[in-house]
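*Asks:* need the 3D shape of this:
(2 chains)
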Amino acid sequence: MSAPEVNPMDHAAAHERLADLALEPGAMERLLRQPGGTPAPDMGPDASLLAHLGTCQICTAELDASGRLDRGLRDALSTLPNGERLQAAEPPAALRTAILAAAGAERRAATPGPARSTDTGRRAWPALVEAIARPRWAGAIAAVLIAALLGGVAGSRIQRLGGEPSSDSLVGVVSTVERILESPTHRVVPLRAASGAAAGSVAWSRQDFAVLASSLAPAPGGQVYRCWLVWAGQADEIGEMDFAGSTAYWTGTAGSWASVTFEPGTRFEVTLESGPQAAGPVGPAVLSASLDG
Amino acid sequence: MIDRPDDLLDVPDDVLVGRIAMGDELAFAAAYDRHAGLVYGSVVRFLGDRESAAEIVQDAFLSLWRRADQFDPRVGSLSAWLLGIARHRAIDRFRAEARRAASRSIPLSALLPDDGRSGASGDESPAIVNADDEAQSVRDPAAVADRRWVQAVVRNVVAGLPVAEREVVLLAYAGGLSQSEIAEHLGAPIGTVKSRTRRALARLRGLLGDVPDMIEEIGRGATLTTAPERATRR
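*Replies:* Numbering: from 1, shown residues only, chains lettered A, B, ... in the order given. As a prediction, the model looks like this:
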């Protein structure tokens, strides 16, 4: 006995019916299980849809794509723990800073220049990103304020990398960071904006110190961002933040007779200053990091 | 004048990549801002590890920076290109971790989350597979890893939907509710629920269809095991 004759749906009605089926998980699959274009006698209203599908490539493609999406969603979501509400997972701000700085440094390193090789940037920045992403700062820093050879405060031991031409400045940062990361005792801590939001990172070894910030807008005219080491109620200026594109940075290296070490409770801070240099910060702190956290 | 990544918001990906190939850092920043969330979120969900995800995102984007001239938009989208690199790295790590776990004589079941009953928390839980996956992993570990990857990407894309759309999708696909049941649950008109669901599905098709083979993989992955039917979940 042959199946009863079924009149195919017209295209618009079929399209609308497919859209309705797409709203119910599994409905597409149940339809797809039917032999396309040969509706069973008991298919009810979808018999005419299947009859249309047997003649319409557009609707067949639509059914196919919707069906696959439906199965994919069921496969991915039906196994979620009860009550799971998916939340977006945003990459950390420091990652953006490091990757963009790495790209910029590679480009500058690839530009012919004195005493720089492309290898420097290519090796250093992936390592930096790795270091920034890896919370090696979890252990407290058992540090002692600077080795006593030269006396004085920590800040005075960190000599600003001088003489770097600005076009090469990020390559200088790369070199510094590479040295830091090669040190088995290096540390990386998060840098935070006044709001508490992640804003970059501070990394150091016994010889070098590097700060990278992603969220600092260029200082308004006549103002500068000053960097401070703050502990036990006193603050020492160690320099000013520089910019390379949207990345703000500061690097320093200890002299051959000194080392970069910090007392417990030491903080790194960046303040926005408009006046002449003072004994301590006057303007608001815009960035800070705990160097023993 | 273009001096911020935001100035490139409307620039198509293929144009961005062309500029990146010329060493344009702003274009690179714009590409990062556009696609890093997709790559990072997918890897976090796949591996359940933010540190590894950051490293893989780094690899993917620095690959783009170094090899932008090799990108061919006729072959696939930029998001697919980046996800392809990330998938390769992530699955390598997943397998390495599985080997380490095996060498420590830890049952694979300890590495592969169960079907959701474990109470794995939050959005960072690795892609969760059905109980059948352990047996499947013995037969075809590559297929299991592929499936986990697709699940992770899909979950990440769903997580990025507007709240109202994500809600109806989760109620339908995770909660097993019909459109009318969702309407009742939310106290919203059925027409509103349907239009939200339609918008969500259209958006998902746009986002996932942007990834070559993604839809195909979704279909293929879903055939590995049979997802619980709605009727059995209620």
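
*Asks:* next, count neighbours for the residue of the stretch 51-200 of chain A found nearest chain B.
*Replies:* Residue of the stretch 51-200 of chain A nearest chain B, by C-beta to the nearest C-beta: A:G72 (2.7 Å). C-beta here means a position set from N, CA and C on the backbone, and glycine is covered the same way. Neighbourhood size, A:G72 [other C-beta atoms under 10 Å in any protein chain shown]: 27.

*Asks:* residues of the strand or helix carrying it that come out buried?
*Replies:* Using DSSP states H and E, the secondary-structure element containing A:G72 is helix A:57-77. By neighbour count, and taking 16 or more other C-beta atoms under 10 Å in any protein chain shown as the criterion, the buried residues in helix A:57-77 are A:59-60, A:62-77.

*Asks:* so the most centrally placed residue in chain B, which state does it fall into?
*Replies:* Relative to the mean C-alpha position of chain B, the nearest C-alpha, by C-alpha atoms, centre = their mean, is the one of B:V153, at 0.9 Å. When classified by DSSP: H, G, I helix; E, B strand; the rest coil, B:V153 comes out as helix.

*Asks:* and what of B:G176?
*Replies:* Secondary structure state of B:G176, per three-state DSSP, is coil.

*Asks:* got the angle for the helix or strand containing B:V158 vs helix A:57-77?
*Replies:* Under the criterion of DSSP H and E, B:V158 resides in helix B:141-159. With axes from the mean of the first three to the mean of the last three C-alpha atoms, to 10 degrees applied, the angle from helix B:141-159 to helix A:57-77 works out at 100 degrees.

*Asks:* which strands or helices does helix B:141-159 pack on?
*Replies:* Packing partners of helix B:141-159 (3 or more C-beta pairs under 8 Å, 6 or more residues apart in numbering or on different chains; DSSP states H and E): helix A:57-77, helix B:25-47, helix B:78-103, helix B:132-139, helix B:163-173, helix B:190-209, helix B:214-222.

*Asks:* winner for burial among those?
*Replies:* By mean neighbour count, with neighbours taken as mean count of other C-beta atoms under 10 Å in any protein chain shown, helix B:25-47 ranks first of these at a mean of 24.

*Asks:* show me what that helix is packed up against.
*Replies:* Helix B:25-47 sits against helix A:93-110, helix B:13-21, helix B:50-67, helix B:78-103, helix B:141-159, with contacts defined as 3+ C-beta pairs under 8 Å, 6+ apart.

*Asks:* bridging residues for the closest residue to A:G280 other than its chain neighbours?
*Replies:* By the measure of C-beta to C-beta, 6 or more residues apart in numbering or on different chains, the closest residue to A:G280 outside its immediate chain neighbours is A:A235, 4.5 Å from it. Listed by DSSP bridges, the beta-bridge partners for A:A235 are A:V230.

*Asks:* you'd agree A:A235 is up against A:P281?
*Replies:* Yes. Counting by C-beta atoms under 8 Å, A:P281 is a contact partner of A:A235 at 5.7 Å.

*Asks:* who touches both of these two?
*Replies:* A:228, A:269 (C-beta atoms under 8 Å, 6 or more residues apart in numbering or on different chains).

*Asks:* by mean pLDDT, which helix or strand of chain B comes out lowest?
*Replies:* Of all regular secondary-structure elements in chain B, judged by mean pLDDT, DSSP states H and E, the least confident is helix B:230-233 with a mean of 34.

*Asks:* where does chain B dip in pLDDT?
*Replies:* Across chain B, the ranges flagged by pLDDT under 70 are B:1-3, B:5, B:101-140, B:210-234.

*Asks:* can you check the pLDDT for A:R206?
*Replies:* At A:R206, the model reports a pLDDT of 78.

*Asks:* wait, a strand at it?
*Replies:* No. Using three-state DSSP, the secondary structure at A:R206 is coil, not a strand.

*Asks:* phi first, then psi, for it.
*Replies:* Taking degrees, to the nearest 10, you get phi -70, psi -20 for the backbone angles of A:R206.

*Asks:* what about the strands in chain A?
*Replies:* For chain A, applying DSSP state E gives strands covering A:158-160, A:187-193, A:198-204, A:208-213, A:224-231, A:234-240, A:242-244, A:247-254, A:267-273, A:285-290.

*Asks:* does any bit of the third one sit next to chain B?
*Replies:* No. Between strand A:198-204 and chain B, judged by C-beta under 8 Å from any C-beta of the partner chain, nothing touches; the nearest distance is 11.7 Å.

*Asks:* run through the neighbouring helices and strands of that strand.
*Replies:* Using 3+ C-beta pairs under 8 Å, 6+ apart as the contact criterion, the elements in contact with strand A:198-204 are helix A:93-110, helix A:118-133, helix A:169-182, strand A:187-193, strand A:208-213, strand A:285-290.

*Asks:* who does it pair up with?
*Replies:* Strand pairing for strand A:198-204, using DSSP bridges, gives strand A:187-193 (antiparallel), strand A:208-213 (antiparallel).

*Asks:* hey, which of those is tucked in deepest?
*Replies:* Mean neighbour counts were compared across those using mean count of other C-beta under 10 Å; the top stretch is strand A:208-213, at a mean of 26.

*Asks:* need the contact partners of that strand.
*Replies:* Contacts of strand A:208-213 with the rest of the structure, by C-beta under 8 Å, 6+ apart, involve A:94, A:97-98, A:101, A:132, A:158, A:173, A:176-177, A:179-180, A:183, A:191, A:199-204, A:227, A:241, A:247-254, A:260, A:268, A:270, A:287, A:289.

*Asks:* hang on, the earlier thing: got the strands paired with strand A:198-204 as a markdown table, with distance to A:P81 columns?
*Replies:* Rendered in a markdown table, the data for those read as follows (distance: least, C-beta to C-beta, whole Å):
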| stretch | distance to A:P81 |
| --- | --- |
| strand A:187-193 | 30 |
| strand A:208-213 | 37 |
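
*Asks:* before we move on, back to that, pull out the buried residues from the helix holding B:V158.
*Replies:* Neighbour counts using 16+ other C-beta under 10 Å place B:141, B:143-159 of helix B:141-159 among the buried residues.

*Asks:* OK, contacts around A:W204?
*Replies:* A:180, A:186-187, A:210, A:260, A:291.

*Asks:* quick one: which of the residues you listed has the lowest pLDDT value?
*Replies:* Taken together, these show their lowest pLDDT at A:V260, with 70.

*Asks:* surely that residue touches A:R206?
*Replies:* Yes. Proximity of A:V260 to A:R206 meets the contact threshold set by C-beta under 8 Å, at 5.8 Å.

*Asks:* more neighbours, these two?
*Replies:* In this view A:V260 and A:R206 are compared by other C-beta under 10 Å, and A:V260 has more residues nearby, 23 against 16.

*Asks:* what's the spacing between the more buried one and A:F209?
*Replies:* Relative to A:F209, A:V260 is positioned 5 Å away (C-beta to C-beta, to the nearest Å).

*Asks:* next, count neighbours for A:S183.
*Replies:* A count of nearby residues for A:S183, using other C-beta under 10 Å, gives 14.

*Asks:* which residues touch the residue nearest to it when sequence neighbours are not counted?
*Replies:* Excluding its sequence neighbours, the residue lying closest to A:S183 (C-beta to C-beta, 6+ apart) is A:S205, at 3.4 Å. A:S205 makes contact with A:179-180, A:182-183, A:185-187, A:260 under the criterion C-beta under 8 Å, 6+ apart.

*Asks:* ok, A:S205 to A:I99 distance?
*Replies:* The spacing between A:S205 and A:I99, counted by C-beta to C-beta, is 22 Å.

*Asks:* how about A:C227, what does it touch?
*Replies:* A:211, A:237-241, A:250, A:268-270.

*Asks:* go again with 7 Å.
*Replies:* Residues in contact with A:C227, defined by C-beta atoms under 7 Å, 6 or more residues apart in numbering or on different chains, are A:211, A:237-241, A:250, A:268, A:270.

*Asks:* the residues you listed, buried ones only, as a ChimeraX selection?
*Replies:* Written as a ChimeraX command, the selection of buried residues from these, which uses 16+ other C-beta under 10 Å, is:
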select /A:211,237,238,239,240,241,250,268,270
